[in-house]
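Asker: Sequence plus the predicted model coming up.
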Amino acid sequence: MKAMRIAFFVGDFPILSKTFIINQITGLISRGHEVDIYGYQPNEISKMHLDVEKYQILARTQYVPTIPKNYFWRFLKGIILIFANFYKAPFVLLRSLNFFKYGRQAASLNLLYGTIPLLKSQPYDIIHCQFGMYGNAGMVFREINAIKGKLITSFRGYDISLYIKQYGKHLYDKLFSRGDFFIANCNFFRQRAIALGCDEQKIIVHGSGIDCDRFRYKVRYLDPHSIIRITTTGRLIEKKGIEYCIRAVAKLALLYPNIEYHIVGDGHLKEELQQLIQELNISDKVKLLGSKNQQEIIEILDNSHIFIAPCVTGFDGNQDAPVNTLKEAMAMGLPVISTLHGGIPELVEDGISGFLVPERDVDALTQKLSYLIEHPEWEKMGRAGRAYVEAHYEINKLNDELVEIYQQVASEFAGFEEWR
């Protein structure tokens with residue numbers, strides 16, 4: 001098999017919430033392919049996935065120069081960048097300034113700044129844009145000849161929910177026309193892309209995978225006289241629905257004083273959620289643990305009894321695919337509770353590998369939690385969850401499939417019918 005040259009467009013990188021991208025990158029590297037990453041330097045990296053260092057991913061990453069918010073300094077820095085890099089690709093730089101064609105994207109100099117890391121790039125077999133907005137960017141970079149290769153765009157959630165509500169249903173019209181191929185991480189978002197105008201022959205479902213060997217299965221038991229540990233892992237943002245779990249746990253605590261609820265993650269709702277915990281007088285029951293790396297999360301899950309992912313459709317339109325945190329918990333044999341939301345019913349089989357309840361339904365969450373506590377015969381559910389994740393979301397299988405997708409795109413898409 002011929003080794004391929006692959007470019008990833010990723011946005012802020014590396015951050016823990018994009019572990020699914022790191023899983024793809026490391027899978028490709030371990031299979032002998034050459035991978036370059038283009039993105040933005042995060043404001044802060046307090047926790048980092050262990051594979052970032054193991055695979056020397058930062059050495060493969062090129063960052064867009066920091067773009068000053070002040071337009072005078074942005075313009076001045078832009079002039080310096082042009083003079084410093086003009087010899088590399090003068091026509092590419094000039095095209096990036098064509099505000100007649102690229103409008104605000106060029107006039108704001110965002111296109112110029114984004115072009116700088118690409119100026120020495122060699123042609124790629126595949127340009128893989130993670131999230132639709134980076135597909136739009138990759139399309140323009142390819143158009144101005146800053147980068148060459150077949151363009152694949154992955155839709156993953158907020159890019160085809162929240163962004164559509166914010167910027168309109170025609171946001172991806174040009175991308176659907178000019179992009180070579182598209183991937184959705186669940187059928188829910190594939191159907192949405194088709195409804196927005198994507199050719200159904202050019203988009204398939206390819207899920208986000210986890211390394212099942214890292215998330216080891218064990219049979220779960222509950223001693224009703226010991227601490228009952230419930231866990232949620234996710235960013236502290238509206239669509240994760242954590243508020244409703246906190247309220248459910250507050251109700252449960254009246255019946256089960258030995259309950260503990262650990263919330264792993266960080267986000268802009270941290271203070272609001274902490275205030276809610278205090279108002280409900282459950283500070284001794286509910287703890288916000290902040291961000292954790294993968295190994296720390298595994299240790300927390302290993303000591304947990306029940307996992308909840310109470311995702312909701314945000315008032316801004318933001319929605320989720322089958323979230324990896326659920327897959328990790330299911331792989332470890334935990335009974336899970338989630339919601340009838342987005343792509344999650346494609347992962348959790350209600351009553352078999354877990355329970356699904358309506359969004360924002362505190363009473364339903366409370367009822368299912370109480371049921372699991374009162375009926376701790378979880379082995380059958382845990383085994384069903386592990387089996388489903390192994391069959392559909394094991395990272396090595398999915399990375400093999402990703403390589404096949406790349407090869408098919410490079411050879412004009414022969415043989416995609418089996419994945420539709």
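Answerer: Received it, and whenever you're ready, just let me know what you need. Keep in mind that what you see is a predicted model, and the values were worked out from it rather than measured.

Asker: where in this protein is pLDDT low?
Answerer: Scanning the chain for pLDDT under 70 picks out the ranges 1, 16, 44-49, 224, 413-420.

Asker: which non-adjacent residue is nearest residue 36?
Answerer: Once flanking residues are discounted, residue 36 sits nearest to residue 7: 5.2 Å by Cβ to Cβ, 6 or more residues apart in numbering. No exception for glycine: its C-beta is placed from N, CA and C like everyone else's.

Asker: I'd say that neighbour and residue 125 touch.
Answerer: No. Counting by Cβ atoms under 8 Å, residue 125 is not a contact partner of residue 7; they are 9.1 Å apart.

Asker: Show me whatever sits in contact with both of the two.
Answerer: Residues touching both residue 7 and residue 125 by Cβ atoms under 8 Å, 6 or more residues apart in numbering: residue 149.

Asker: the more surrounded of those two?
Answerer: More crowded of residue 7 and residue 125, by other Cβ atoms under 10 Å: residue 7, with 27 against 19.

Asker: which ones are touching that one?
Answerer: Residues near residue 7 by Cβ under 8 Å, 6+ apart: 35, 36, 37, 38, 121, 124, 126, 127, 128, 147, 149.

Asker: export these to JSON lines and tack on secondary structure?
Answerer: Shown next, in JSON lines, are these (DSSP: H, G, I helix; E, B strand; the rest coil):
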{"residue": "35", "secondary structure": "strand"}
{"residue": "36", "secondary structure": "strand"}
{"residue": "37", "secondary structure": "strand"}
{"residue": "38", "secondary structure": "strand"}
{"residue": "121", "secondary structure": "coil"}
{"residue": "124", "secondary structure": "coil"}
{"residue": "126", "secondary structure": "strand"}
{"residue": "127", "secondary structure": "strand"}
{"residue": "128", "secondary structure": "strand"}
{"residue": "147", "secondary structure": "coil"}
{"residue": "149", "secondary structure": "coil"}
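
Asker: By neighbours, which of these wins?
Answerer: Neighbour counts for those peak at residue 128, which has 31 neighbours (criterion: other Cβ under 10 Å).

Asker: same for whichever strand or helix holds residue 407, what does it pack against?
Answerer: For residue 407, the host element (DSSP states H and E) is helix 395-410. Here helix 395-410 is seen to pack against helix 19-30, strand 126-130, strand 150-155, strand 181-184 when contacts are counted using 3 or more Cβ pairs under 8 Å, 6 or more residues apart in numbering; DSSP states H and E.

Asker: can you pull out the helices in the stretch 1-150 of the chain?
Answerer: Secondary structure of the stretch 1-150 of the chain (DSSP state H, counting those that start in this stretch): helices located at 19-30, 50-54, 71-85, 90-96, 99-107, 110-115, 132-143.

Asker: Identify each buried residue in the fifth one, please.
Answerer: Buried residues in helix 99-107, counted by 16 or more other Cβ atoms under 10 Å: 102, 105, 106.

Asker: Check the longest one too.
Answerer: For helix 71-85, the buried set under the neighbour-count rule, 16+ other Cβ under 10 Å, comprises 74, 77, 78, 81, 82, 85.

Asker: Which residue, neighbours along the chain excluded, lies closest to the fifth one?
Answerer: What it means is residue 82. residue 93 (5.8 Å).

Asker: wouldn't that neighbour be in contact with residue 114 here?
Answerer: No. Between residue 93 and residue 114 there is no contact, the gap being 11.7 Å when judged by Cβ under 8 Å.

Asker: And stretch 277-285, end to end?
Answerer: 9 Å (Cα to Cα, to the nearest Å).

Asker: Show residues contacting it.
Answerer: Contacting residues not belonging to stretch 277-285 are listed as 246, 247, 249, 250, 253, 259, 260, 261, 286, 288 [Cβ under 8 Å, 6+ apart].

Asker: Check stretch 218-226 too.
Answerer: Residues outside stretch 218-226 that contact it (Cβ under 8 Å, 6+ apart) are 228, 258, 302, 305, 332-335, 373, 376, 378-379, 382.

Asker: Mark which of those are buried, thanks.
Answerer: Among those, those scoring as buried are 228, 305, 332, 333, 334, 335, 373, 376, 378, 382 (criterion: 16+ other Cβ under 10 Å).

Asker: Reformat those residues as a markdown table; add distance to residue 13 and secondary structure.
Answerer: Below are the buried ones among the contacts of stretch 218-226 laid out as a markdown table (distance: Cβ to Cβ, whole Å; DSSP: H, G, I helix; E, B strand; the rest coil):
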| residue | distance to residue 13 | secondary structure |
| --- | --- | --- |
| 228 | 37 | strand |
| 305 | 34 | coil |
| 332 | 27 | coil |
| 333 | 32 | coil |
| 334 | 29 | coil |
| 335 | 34 | coil |
| 373 | 40 | helix |
| 376 | 41 | coil |
| 378 | 37 | coil |
| 382 | 34 | helix |
